[in-house]
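A.B. asks: My questions are about this predicted structure, shown below with the sequence.
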Amino acid sequence: MESRIGLGYDIHRLQEGRKLYLGGVEIPYIKGLLGHSDADVLIHALCDALLGAIGEGDIGEQFPDTDPKYHNIASSNLLEIVLGWVRKKGFQVINVDTIVIAQEPALSPFKKHIQENLARILKIEKDCVSVKAKTNEGLGELGRKEAIACYAVTLIKKECFHILLSRYPGSPEKGSCGQDFH
Ligand SMILES: [Zn+2]
């Protein structure tokens with residue numbers, strides 16, 4: 001069974017007058033993240049992790065900020081597109097783990113909602129999505145509340161049907177794991 005891992009990282013500046021979105025959830029705060037899209041740093045890191053796992057570069061290459069099509073786009077739409085590419089290559093997402101580094105706002109009241117929203121978009125169980133939040137202990141630009149950063153890691157697995165097709169085009173009726181195609 002072919003498994004792959006992917007790693008993603010992103011950082012965006014905070015600016016007054018913008019809405020703050022993390023994991024597709026609007027978080028009440030005096031500032032929001034600056035970017036061409038809605039600048040959802042968590043979803044961007046997650047997209048990069050998934051793109052890394054399937055060897056398809058990064059979010060900047062796939063969705064260039066010079067393209068007006070992506071101006072103010074909801075990043076959850078980008079995640080759905082990336083997930084489509086993952087599935088098209090025959091993989092399913094097993095789990096994702098993320099760390100958001102934000103001095104402010106406190107994210108603990110929103111973590112469950114973010115987890116549920118990402119699980120819904122990725123079509124996996126809630127306990128396969130982890131959202132952890134940390135401050136930066138007041139250090140550097142993150143600690144000065146000038147930016148929010150995020151790390152994400154994912155594991156994906158090739159579905160039996162696709163393994164079988166790639167090995168034996170023409171194919172018997174059971175997947176290599178002995179189960180019916182799924
Ligand atoms: Zn970004």
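C.D. replies: Here it is on my side, so go on.
A.B. asks: C-alpha only now, for contacts and for neighbours.
C.D. replies: Will do.
A.B. asks: Give me the below-cutoff pLDDT ranges for the protein.
C.D. replies: 161-182 (pLDDT under 70).
A.B. asks: interface residues of it facing the ion?
C.D. replies: 41, 44 (CA under 5 Å from the ion).
A.B. asks: Check which helix or strand the most centrally placed residue in the chain maps to.
C.D. replies: When the chain is reduced to its mean C-alpha position, the nearest residue by CA atoms, centre = their mean turns out to be L46, at 2.1 Å. Element membership for L46, per DSSP states H and E: helix 41-53.
A.B. asks: Just the strands from this structure, written as ranges.
C.D. replies: 3-16, 20-22, 25-27, 31-33, 91-101, 129-134, 147-158 (DSSP state E).
A.B. asks: The ones you listed: which one's closest to L118?
C.D. replies: Proximity to L118 (CA to CA) singles out strand 129-134 among the strands of the chain, at 7.2 Å.
A.B. asks: could I get that closest one in PDB with only the CA atoms?
C.D. replies: In PDB, the C-alpha atoms belonging to strand 129-134 read as follows (Å, rounded to 0.1, in the frame of the first residue of the first chain):
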ATOM      1  CA  VAL A 129      -7.800  16.300  11.800                       C
ATOM      2  CA  SER A 130      -5.700  18.000  14.500                       C
ATOM      3  CA  VAL A 131      -5.500  21.700  15.000                       C
ATOM      4  CA  LYS A 132      -3.000  22.900  17.600                       C
ATOM      5  CA  ALA A 133      -2.400  26.500  18.600                       C
ATOM      6  CA  LYS A 134       0.600  28.100  20.200                       C
END
